[in-house]
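> My questions concern the predicted model and sequence given below.
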Amino acid sequence: MRVTKQQVAKIMKNAESDEVLRQLLHHVFEDKQNINVFAEVFFPETVTNKIPKFHQEFYDFLFSDKSGALAAPRGHAKSSVTGIIFLIYNIVYQLERYIVYTSQNHSKTVQFLDPVRNEFKNNKMLRFVYGDLTPSAARDDEGKDREDCFDVGGCRVEAVSFEKNIRGFKWKNYRPTLIILDDIEDDQRVLNPELRIKDANKLNKVIIPSLDINGRYKFIGTLLHFDSLLAKKIELHKGKIFKACDEDMGNILWPERFTPKILAQIKHDIGSIPFQQEYLNNPIDTTSSLIKREWIEQCFDEELSHEDTRKMKFSMKTLGCDFAFSDRITADTSPFVGLGKYKDKYYLINCNIFKGLSVNEQMDIIKDDLHAKYHYDSIGLEENSIKAISKDIQQWNLPITLFWTAASDPAARRKPDYDWSEKRHTVGKINLIMRLGTAFENKMFVIPYKTEEDKKIADRILAECTSFALNEGKLVEAGVHPDIPIGMGYALELINQGGVYFDFG
């Protein structure tokens, strides 16, 4: 029988004794259709908004005795619903014997285990109704404690990182009766067709076959690619794809949490391409330019010259440099891009291009010319390009930050309060360009376009910034060779070091 939260409150108020109340609540919530009220009663710190209608569809999908797949937008509590509420419900009502929870990497896997442990240890209401279900440490074959799983209420719960080598699952003589696949795909790997095949083999040849003969898997996540594992399983099982809203910010999936204003701000903050993927479950083919021509052109200011910017008072000035590796005439150009922050805009204060210079000559340009002229608060250099003179840098007393360009940002960078007190930072090249594109899209840049020289510089920025595209997960050049965007990206990273930080992968 379906009950409401108000009816449960009445039961709790009028019960003759604790024992009667315990039995009543245990009986009421044994009915799976009361899972939403179960969530409100036992997990008020997790359920902080009005429960949306689509969560009931989500639970119906999870409780189904068949395997299936479902896509939901970021921020819509799919992991909380699955990894806390649904999982604990299965344990307290002994619906499963062996549950395997799989996520993308180790950190996400650990983040899943700790909240579940804490609920069983510290949730007074849960303990009142279902007794002491404090998890016990699981042990391996040699009797040593395992941090990746625990036993509770006769159920083994095991957490596994999808990125690690997996050889199947077994506990005593049991195979998993339920495998939860929660956002197992990686933003970078999913763009590479060879890695997609490897991941598909791991899922289809190792993980799924390890299920109990009557077991099932539930695959949830956000669509990262039209040929992703999730997309294929949704097609196979005729699963559902939820969107946070439509293109016009209407038909909002969770209106109590995501108003049109909030969604519009998110789109503004992260950019339209990531918004399409993360909130509309619509991965966009980015083989065309990552940074659109119209985004850059809207930043051109025909009333402003570079000479005018020399007279402005900026709250912060940064310089980003991408040194060429060779002093040959055929070497790449070396851009020196300066930005100045005035109010909430980033003004281009200089964009100097050199070619055929040694590393020492390029450093001389910074310390003897550009820094002497503009007095930057911070200067960003690519670490690998200055190895030959790295020991000499300290003696010049310049505000230098070294960047190491990698495939993706490190996990630590994903925190909005990232500590920039160190002088070396790893940055993902794709993320660097995506953040640069978001700043252009949001018209955060002001680029002088008054004089012929201004236009020459601006047009070169336009040509190079629109050259970057993604192909099979890798940055490719769809036009002229782009050097300026890297230097400009470093300057933007530095100028935003105390602000909001967005991660696209």
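All right, it came through fine.
> going forward, measure contacts and count neighbours with C-alpha atoms only.
Noted.
> Any idea how many residues pack against D186?
By the criterion of other Cα atoms under 10 Å, D186 has 18 neighbours.
> T309 too?
A total of 17 residues lie near T309 under the criterion other Cα under 10 Å.
> Ok, F150 next?
20.
> got a list of what the residue nearest to V3 when sequence neighbours are not counted touches?
Nearest in space to V3, with sequence neighbours left out and distances taken as Cα to Cα, 6 or more residues apart in numbering, is N34 at 6.4 Å. Neighbouring residues of N34 by Cα atoms under 8 Å, 6 or more residues apart in numbering: 2-4, 28.
> Tell me how far the nearest residue to I166 once chain neighbours are set aside lies from F162.
In space, and not counting its chain neighbours, I166 is closest to V206: 7.2 Å by Cα to Cα, 6+ apart. Distance from V206 to F162, counting by Cα to Cα, to the nearest Å: 11 Å.
> Looking at these two, which is more packed in?
More neighbours surround F162 than the other of V206 and F162, with 24 against 15 (other Cα under 10 Å).
> is it true that the more buried one touches K108?
No - with contact defined as Cα atoms under 8 Å, F162 and K108 do not form a contacting pair (10.3 Å).
> now the strands for the stretch 301-450 of the chain?
316-321, 334-342, 345-354, 378-382, 400-406, 424-428, 445-448 (DSSP state E, counting those that start in this stretch).
> CA atoms only: put the fourth one into PDB for me.
Spelled out, that is strand 378-382. Output of strand 378-382 as PDB, limited to C-alpha atoms (Å, rounded to 0.1, in the frame of the first residue of the first chain):
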ATOM      1  CA  SER A 378      52.000  36.400 -13.000                       C
ATOM      2  CA  ILE A 379      53.700  34.800 -15.900                       C
ATOM      3  CA  GLY A 380      52.900  31.300 -17.200                       C
ATOM      4  CA  LEU A 381      55.400  29.200 -19.100                       C
ATOM      5  CA  GLU A 382      55.200  25.600 -20.400                       C
END
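> mind listing what's buried in the helix ranked longest in the chain?
For the chain, the longest helix by residue count, based on DSSP state H, is helix 106-122. Within helix 106-122, the residues that qualify as buried by neighbour count (16 or more other Cα atoms under 10 Å) are 106, 108-110, 112-113, 116-117, 119-120.
> Quick check: the farthest pair among these?
Using Cα to Cα, those span at most 22.1 Å, a distance reached by H106 and F120.
> one step back: weakest of the strands of the stretch 301-450 of the chain by average pLDDT?
Note on the strands of the stretch 301-450 of the chain: lowest mean pLDDT is at strand 424-428, with a mean of 74.
> How far off centre is that one?
Relative to its chain's centre, strand 424-428 lies at 16 Å (Cα atoms, centre = their mean, to the nearest Å).
> for that strand, packing partners?
Judged by 3 or more Cα pairs under 8 Å, 6 or more residues apart in numbering; DSSP states H and E, strand 424-428 is in contact with strand 400-406.
> and the strand it packs on, which strands flank it?
strand 378-382 (parallel), strand 424-428 (parallel) (DSSP bridges).
> right, and those - which one's nearest F150?
strand 424-428 (35.2 Å).
> Return the set of buried residues in the closest one.
Quick answer for strand 424-428 (16+ other Cα under 10 Å): 424-428.
> G250 belongs to a strand, doesn't it?
No - under the criterion used here (DSSP: H, G, I helix; E, B strand; the rest coil), G250 is coil, not part of a strand.
> Which phi and psi values does it adopt?
Torsion angles at G250 (phi, psi; degrees, to the nearest 10) stand at phi -100, psi 180.
> Look up how far N282 lies from it.
G250 is 16 Å from N282, where distance means Cα to Cα.
> of those two, who's got more company?
Neighbours were tallied for G250 and for N282 using other Cα under 10 Å; the higher tally belongs to N282 (20 against 12).
> What about the closest residue to A439 other than its chain neighbours, how many residues nearby?
Nearest residue to A439, sequence neighbours excluded (Cα to Cα, 6+ apart): F445, at 6.8 Å. F445: 25 surrounding residues under other Cα under 10 Å.
> so what's F445 up against?
Here F445 is in contact with 299, 345-348, 439 (Cα under 8 Å, 6+ apart).
> Please apply the same query to R293.
By Cα under 8 Å, 6+ apart, the residues touching R293 are 462, 466.
> Compute the distance between it and D459, please.
Distance, R293 to D459, by Cα to Cα: 10 Å.
> do the same with K261
K261 is 35 Å from D459, by Cα to Cα.
> Next: T405.
For T405, the distance to D459 - Cα to Cα - is 26 Å.
> before we move on, what about G338?
16 Å.
> can you check D227 too?
37 Å.
> do you know how far the residue nearest to D183 when sequence neighbours are not counted is from I184?
Spatial nearest neighbour of D183, excluding adjacent residues (Cα to Cα, 6+ apart): G221 at 4.4 Å. Note on G221: its distance to I184, by Cα to Cα, is 8 Å.
> next one: G356
46 Å.
> Looking at those two, which one has more neighbours?
Using other Cα under 10 Å, the more surrounded residue of G356 and I184 is I184, with 23 against 18.
> ok, now which ones touch the closest residue to the more buried one other than its chain neighbours?
Nearest residue to I184, sequence neighbours excluded (Cα to Cα, 6+ apart): Q104, at 4.0 Å. Residues in contact with Q104 (Cα under 8 Å, 6+ apart) are 161-163, 182-186.
> Could I get the average pLDDT for the helix or strand hosting V160?
Here V160, judged by DSSP states H and E, is contained in strand 155-161. Mean pLDDT, strand 155-161: 89.
> Just checking: what are the partner strands of it?
In its sheet, and by DSSP bridges, strand 155-161 pairs with strand 98-103 (parallel), strand 145-152 (antiparallel).
> Could you point out which of the ones you listed sits nearest R22?
When these are compared by Cα to Cα, strand 145-152 sits nearest R22, at 19.8 Å.
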